[in-house]
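Asker: Here you go, sequence then predicted model.
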Amino acid sequence: MKLTVLASALLLAALVVADPAAAQRRGRGANAPPPGPAPRDADGRAILWGATPEEKGVWTPLFGITDPINPADQTPFQPWARALYDARQIHELEPHTRCKASGTARQFQTPYGVEFVNLPDIKRIFIFDIGGPHTFRTVYMDGREHPADYEPSYYGHSVGHWEGDTLVIDSRGFNESFWLDRRGMPHTTQLHTIERFTRKDAETITYEITVDDPGAYTATWKGGFELGFDRGVELFEYSCQQANYAVELMVGGERSSIDRTSPIVP
């Protein structure tokens, strides 16, 4: 079955980001000078948004976005979680391709990028996701604790604080309806993550995630990658189609005995 125009665009975008040569800072050629220092606010702290209120830009991943955030053979899976991860390498039934939101590291693995929006007056940071369902995540910066009872959600409940130049986000209260990364790392509702965002220069954020989920793993583990700043790019409308016919993006290529007689994946 032929890919739709939308599916072709998605595949092309993914390949561009996954290609190390193409993943160089957009707008920065091979002979460009080294990136400048990270911009800082009035208090001297490195910031995750533009250097000035007028500066536009989004952050996109600087690694192969179809690679796992941690090598599978170095991840302490429980047996059922490893079996599910292996099955996802064949079936590729990722909820994100069917317009579902994606929490934790997966939010930062779309080829279209994310934008950090800081609203200090209400002590919140919003992380807007351009690709997929075009949703946003709220990070509370007012010192509150996680609630005693959760309504499980895609993004969970996130509280943040600064450690020097690093934004640290602590999240709990996740549902099980998304993948941790684009490769298919599983999780349960026991998932607890600590994410660290460090802007090391004007063009780069180092992202690190610590995963603690005793329901899926035998020990805590870490993963991560870098994000590059696409200067001049703004959030744009992204229409995610529930009736997406790009079955290859949902159930994989012609390399297994999966029944593909139906053009629509429920």
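Answerer: That came through, no problem.
Asker: okay, CA-based contacts and neighbour counts for the rest of this
Answerer: Will do.
Asker: Pull the number of nearby residues for the nearest residue to Pro133 once chain neighbours are set aside.
Answerer: Sequence neighbours aside, Cys99 is the residue nearest to Pro133 in space, at 4.9 Å (criterion: Cα to Cα, 6 or more residues apart in numbering). Other residues near Cys99 number 18, with proximity taken as other Cα atoms under 10 Å.
Asker: Would you mind listing the outside residues contacting stretch 164-173?
Answerer: For stretch 164-173, contacts defined as Cα atoms under 8 Å, 6 or more residues apart in numbering pick out 45-47, 139, 146, 150-153, 156-162, 189-199.
Asker: Need the buried ones from these selected in PyMOL.
Answerer: To isolate the buried members of the contacts of stretch 164-173 in PyMOL, using 16 or more other Cα atoms under 10 Å:
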select buried, resi 46+47+139+146+153+156+157+158+159+160+161+189+190+191+192+193+194+195+196+197+198+199
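Asker: ok, which stretches of the stretch 51-200 of the chain are strands?
Answerer: 57-61, 114-119, 124-129, 136-140, 157-163, 166-172, 192-201 (DSSP state E, counting those that start in this stretch).
Asker: Next, the angle from the first one to strand 124-129.
Answerer: Relative orientation of strand 57-61 versus strand 124-129 (axes from the mean of the first three to the mean of the last three Cα atoms, to 10 degrees): 60 degrees.
Asker: model confidence over strand 57-61, on average?
Answerer: Mean pLDDT, strand 57-61: 92.
Asker: repeat for the fourth one
Answerer: Throughout strand 136-140, pLDDT has a mean value of 96.
Asker: just to revisit the earlier point, please name whichever of the strands of the stretch 51-200 of the chain is nearest to Glu92.
Answerer: Closest to Glu92 of the strands of the stretch 51-200 of the chain, according to Cα to Cα: strand 57-61, at 20.4 Å.
Asker: tell me the angle of that closest one relative to strand 114-119?
Answerer: 130 degrees.
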